[in-house]
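S.K.: Quick one: sequence and predicted model below, then my questions.
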Amino acid sequence: MPNLLFATNNTHKLREVQEIMGNDLQILSLKDVNLDVDIPETQETIEGNAVQKARFIHGITGLNCFADDTGLEIEALEGRPGVYSARYAGEGCSFDDNVTKILRELEGIENRKACFRCVICLIMDGAEQLFEGRIDGVITTEKEGADGFGYDPVFRPDGHRQTFAAMPAYLKNGISHRGRAIDKMVKWQKSKMAK
Ligand code: IMP
């Protein structure tokens, strides 16, 4: 399997993806290629942002690379925060600010259904491929767990008793939106190499 550059400055994601990939693929970080840049994500859709980030890093490095973009979609909030998941509580906000905002917006609301949707854009030998992963669950009424990042303390996947932040990393990675999208990407690459 070839080396592949992951277009992210998010160290949590980098660690997760390295764990998910195991020996399937050697992941390079932006640090590994001495690149220190802010990556734009100004599009109106998750797909658009994934493509924008991958094209931006490919444009600078010319290397095979991939980027992911994720949104938390809450049914009772008509799909919000969605593409605005990173900055839902405002520019420069923390993960905790975002979590506090959705808990406040869901106060007294019974329908807690939500999903994480992740889209990966892979640019391999100049060609683009998209892969999507999704996990359904509910937003808890209180934060639970200290691991993970983002909305993990309040997202409990269907069929599980713990939030993403309370379960072991291998369990989250095995069922998560990002894990599922990565799995599709690895399968696609393996099938391409077998041809
Ligand atoms: P991004 O644009 O892909 O970086 O994701 C937007 C936001 O979604 C992040 O800032 C996090 O708040 C949230 N997010 C992304 N992935 C996860 C995850 O695996 N768990 C919890 N929150 C996540």
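M.R.: Noted; the coordinates are in hand.
S.K.: list the buried ones in the top helix by length along the chain?
M.R.: If you go by DSSP state H, the chain has its longest helix at helix 177-194. Going by neighbour count (16 or more other C-beta atoms under 10 Å), the buried part of helix 177-194 is His177, Arg178, Gly179, Arg180, Ala181, Ile182, Asp183, Lys184, Met185, Val186, Gln189. (C-beta placed from N, C-alpha, C; glycine too.)
S.K.: who does it touch, helix- and strand-wise?
M.R.: helix 11-21, strand 65-74, strand 113-124, strand 127-139 (3 or more C-beta pairs under 8 Å, 6 or more residues apart in numbering; DSSP states H and E).
S.K.: List, one by one, the residues from the chain near the ligand.
M.R.: Within the chain, the residues that sit near the ligand (C-beta under 6 Å from any ligand atom) are 10, 41, 68-70, 72, 85-86, 95, 98, 148-152, 164, 176, 178.
S.K.: again, only using 8 Å
M.R.: Listed as neighbours of the ligand in the chain under the rule C-beta under 8 Å from any ligand atom: 8, 10, 12-13, 16, 41, 46, 49, 68-72, 81, 85-88, 95, 98, 116, 118, 148-152, 155, 164, 172, 176-178.
S.K.: Residue of this structure nearest the ligand, please.
M.R.: Gly150 (2.3 Å; C-beta to the nearest ligand atom).
S.K.: Pretty sure that residue sits against Asp97.
M.R.: No: applying C-beta atoms under 8 Å as the test, Gly150 and Asp97 come out as separate, 11.4 Å apart.
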